[in-house]
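**Q** Here is my input; please provide its structure:
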Amino acid sequence: MTDREQLNIARERVIDSVAQNMDLYGVTESIGRLYGMLLFQQDPMTLDEMKEELGMSKTSMSTSVRTLLELKMVDKVWRKGVRKDLYKAEEDWYQSFIDFFTIKWRLAITENVYAIEKSINELRVLINKDDISEDVKKDAENDLEKLNYAINYYNWLDRFVDSLESHEIFHLVPKKEDEK
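**A** As a prediction, this is how the structure comes out:
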């Protein structure tokens with residue numbers, strides 16, 4: 001086995017692992033394979049080069065790159081004299097994690113808090129009705145207690161997301177970049 005073959009086997013093992021675990025980011029294995037392949041490239045690649053390397057259609061490749069751009073896991077780069085778009089993998093995995101999860105969590109927090117606050121208001125109106133039955137009032141009060149707990153959770157989650165975005169999280173859980 002040549003040195004190049006050994007290098008390729010080592011790379012392919014990591015690419016396979018990354019691809020299989022990309023469902024954590026809500027993307028397909030093929031998008032994960034693209035990201036993994038880009039990690040090992042020394043130079044940015046065009047869509048055509050990526051298509052040739054992975055054997056995917058240009059449409060599929062374009063969609064995959066767009067997804068990775070939205071997740072901030074791939075960057076578009078400019079090179080003098082090159083007319084086609086060039087892409088490279090974001091090499092700061094800490095920042096990729098932060099970008100992806102803060103985008104997703106902020107959206108989830110906003111949607112859930114909106115729904116919960118709307119329900120809390122409706123439950124308060126219901127509880128204050130004069131003609132409400134005791135069993136419905138008791139259930140509504142229990143629901144209100146659960147929803148107030150949920151609001152506290154989402155407030156905590158929002159602060160946690162803030163700690164990711166501000167990098168305060170690294171004071172609690174430091175990066176260990178010097179370990180290999």
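
**Q** Give the next helix or strand downstream of the strand or helix carrying Glu122.
**A** For Glu122, the enclosing helix or strand under DSSP states H and E is helix 93-127. Once helix 93-127 ends, the next helix or strand along the chain (criterion: DSSP H and E) is helix 134-165.

**Q** which strands and helices sit next to that following helix?
**A** The contact analysis (3 or more CB pairs under 8 Å, 6 or more residues apart in numbering; DSSP states H and E) places helix 134-165 against helix 93-127. For the C-beta atoms, the positions are set from N, CA and C on the backbone; glycine is no exception.

**Q** tell me which residues of the helix it packs on are tucked away?
**A** Of all the residues in helix 93-127, those buried under the rule 16 or more other CB atoms under 10 Å are 96, 98-100, 102, 105, 109, 113, 116, 120, 123, 126.

**Q** now the angle between helix 134-165 and that helix, please.
**A** Put simply, helix 93-127 runs at 160 degrees to helix 134-165, going by axes from the mean of the first three to the mean of the last three CA atoms, to 10 degrees.

**Q** So what touches stretch 129-140?
**A** 123, 126-127 (CB atoms under 8 Å, 6 or more residues apart in numbering).

**Q** Any chance of a markdown table for those residues, columns pLDDT and distance to Arg159?
**A** A markdown table is the format used below for the contacts of stretch 129-140 (pLDDT from 0 to 100; distance: CB to CB, whole Å):
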| residue | pLDDT | distance to Arg159 |
| --- | --- | --- |
| Leu123 | 97 | 25 |
| Leu126 | 95 | 31 |
| Ile127 | 95 | 29 |
